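1. Sharing a sequence plus its predicted fold:
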Amino acid sequence: MRALDDLYDRLSQRNSDALGYPAAKDFDCTPLLRFLQLPLNNVGDPFAEGTYQVETRAIEREVLAFFADLLRAPAGDWWGYVTNGGTEGNLYGLYLARELHPGGIVYFSEHTHYSVSKNLHFLGMRHIMIRAQENGEIDYDDLRETLKIHRDVPPIIFANIGTTMTEARDDVSRIVEIMNSLAIHQRYVHSDAALCGAYAPLLDPRPSFDFVDGADSVSISGHKFLGAPMPCGVVLARKHNVSRIARSVDYIGSLDTTISGSRNGFTPLVLWHRLQTLGIEGVRERARAALEVAAYAVEQLRAAGVPAWRNANALTVIFPRVPDELRDKWQLATQGAISHFIAMPGISKEHVDALVEDMRCSALR
Ligand SMILES: *Cc1c(COP(=O)(O)O)cnc(C)c1O
């Protein structure tokens, strides 16, 4: 059909030019195409039996086990599911925290993803915004002072493991130490690791954000670093916390533990296939290669007179706001005074060269 051909051609071109959003492009889902002919639905809890059997929950559990291992979740005491993306995982984490600590106060930095204030509004949770440092990481002094004032209310920490604009990572161990030093023991920590969660555990030094570091739940997007043809993600939490809020539903013969009822049965397959073909070493190698492209971009931009920078071991390269025509041509996410490029897998040094050349020309004009 002509309309579809035209649309496909246009989207392929826009995909190849997209340098500013966190979407890996190096995936190949063609071995999975036949599954699109089935009405897959992972309705209900991935670990409970259900009546509907056109589903991929066994595969989903394998994906979850991979992430449980990667995020050092406590053996025998973790639970999770494949979500529609990072936002749903964050909503789940906050929901769980609210059920455990009704009346708790959520703390998050001013660089937190835009979806979080909406989630807090849904959930009707009290919250306090904490200042951020120049690089986007939470200001630990401001956090400590604010926690001190509200010591009688359980804190729910919403930690950013890679902020949207600068990929800054809050240090969960340091936040836990602050709470310990204030003798705050009733608390909850959620790590929003949308972009970084899939590769940060493989970095040296390893950013502090997982279960051993003190997180009670972690949300990761699947379509960002791993890459997928449609949004998806993973959320993991401590099982004994989840069990306190689980509810059995007769109609589906399962537990209603997830935010969505009907759930995507194809995305667990995509993630599973990604992990099977890459393996942990493949994920590590992709991260290494992508970080190299990010370093190259900083170097080339600086050589062209653009004051570009990035956080340590980050894929996101920040520079002063670009003119609108460049923003639109390369789909460079732009907010206030800054724009960014993200060296996602599938983006090469040649892409960087083309971008730098454009920026050089635009500066001359
Ligand atoms: C992308 C992102 C989200 C939202 O994830 P989606 O998968 O787009 O729903 C949340 N937090 C951060 C830091 C992100 O980068």
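-> Nice, I can see it.
2. can we go C-alpha only for contacts and neighbour counts from here?
-> Noted.
3. in this structure, which spans are strands?
-> 78-83, 105-109, 126-130, 155-160, 188-192, 217-221, 233-238, 248-249, 254-255, 316-320, 334-335, 338-342 (DSSP state E).
4. right, so of those strands, which gets closest to the ligand?
-> Closest approach to the ligand among those (CA to the nearest ligand atom): strand 217-221, 4.6 Å.
5. which residues touch the closest one?
-> 85-86, 89-90, 93, 189-198, 210-211, 231-238 (CA atoms under 8 Å, 6 or more residues apart in numbering).
6. run the last query once more with 7 Å
-> 85-86, 89-90, 93, 189-195, 197, 232-238 (CA atoms under 7 Å, 6 or more residues apart in numbering).
7. same for the ligand: which of those residues are within range?
-> Intersecting these with the contacts of the ligand gives 85-86, 192, 194-195 (criterion: CA under 6 Å from any ligand atom).
8. So which of these are in helices?
-> residue 86 (DSSP state H).
9. So residue 57 sits against residue 40, correct?
-> No - using CA atoms under 7 Å, residue 57 makes no contact with residue 40, being 10.1 Å away.
10. and these two? which has more neighbours close in?
-> residue 57 (25 against 19; other CA atoms under 10 Å).
11. and the gap between the residue nearest to the more buried one when sequence neighbours are not counted and the ligand?
-> Counting by CA to CA, 6 or more residues apart in numbering, residue 46 is the residue found nearest to residue 57 once chain neighbours are left out, at 5.4 Å. With distances taken as CA to the nearest ligand atom, to the nearest Å, residue 46 is found 20 Å from the ligand.
12. need the contact list for residue 46.
-> Contact criterion CA under 7 Å, 6+ apart gives 57, 60-61, 81 as the residues in contact with residue 46.
13. among these, which two are most distant?
-> With distances taken as CA to CA, the most widely separated pair in the contacts of residue 46 is 57 and 81, at 9.3 Å.
14. So which of the strands of the chain is the most surrounded?
-> Each of these was given a mean neighbour count from mean count of other CA atoms under 10 Å, and the largest, a mean of 31, is that of strand 217-221.
15. That one close to the ligand?
-> Yes - judged by CA under 6 Å from any ligand atom, strand 217-221 comes into contact with the ligand at residue 221.
16. then that strand to CSV, C-alphas only?
-> Output of strand 217-221 as CSV, limited to C-alpha atoms (Å, rounded to 0.1, in the frame of the first residue of the first chain):
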residue,chain,number,x,y,z
SER,A,217,12.4,-1.2,43.8
VAL,A,218,14.0,-0.5,40.5
SER,A,219,12.5,0.5,37.2
ILE,A,220,14.2,0.2,33.8
SER,A,221,13.0,1.0,30.3
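17. So which residues of the chain form helices?
-> 2-17, 57-70, 86-100, 115-123, 140-149, 172-181, 239-243, 267-303, 324-330, 349-364.
18. which residues touch the last one?
-> Contact with helix 349-364 is made by 293, 297, 300-301, 304, as judged by CA under 7 Å, 6+ apart.
19. Run through the residues of the stretch 201-350 of the chain sitting next to the ligand.
-> So the stretch 201-350 of the chain meets the ligand at residue 221 (CA under 6 Å from any ligand atom).
20. what's near enough to touch residue 160?
-> Neighbouring residues of residue 160 by CA under 7 Å, 6+ apart: 112, 169-170, 191-193.
21. export those to TSV and tack on pLDDT?
-> Formatted as TSV, these follow (pLDDT from 0 to 100):
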residue	pLDDT
112	90
169	98
170	98
191	98
192	98
193	98
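22. Near the ligand, which residues of the stretch 1-150 of the chain are found?
-> Counting by CA under 6 Å from any ligand atom, the stretch 1-150 of the chain comes close to the ligand at 85-87, 113.
23. Type out the PyMOL command that picks the buried ones from those residues.
-> With 16 or more other CA atoms under 10 Å as the criterion, this PyMOL line picks the buried residues out of those:
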select buried, resi 85+86+87+113
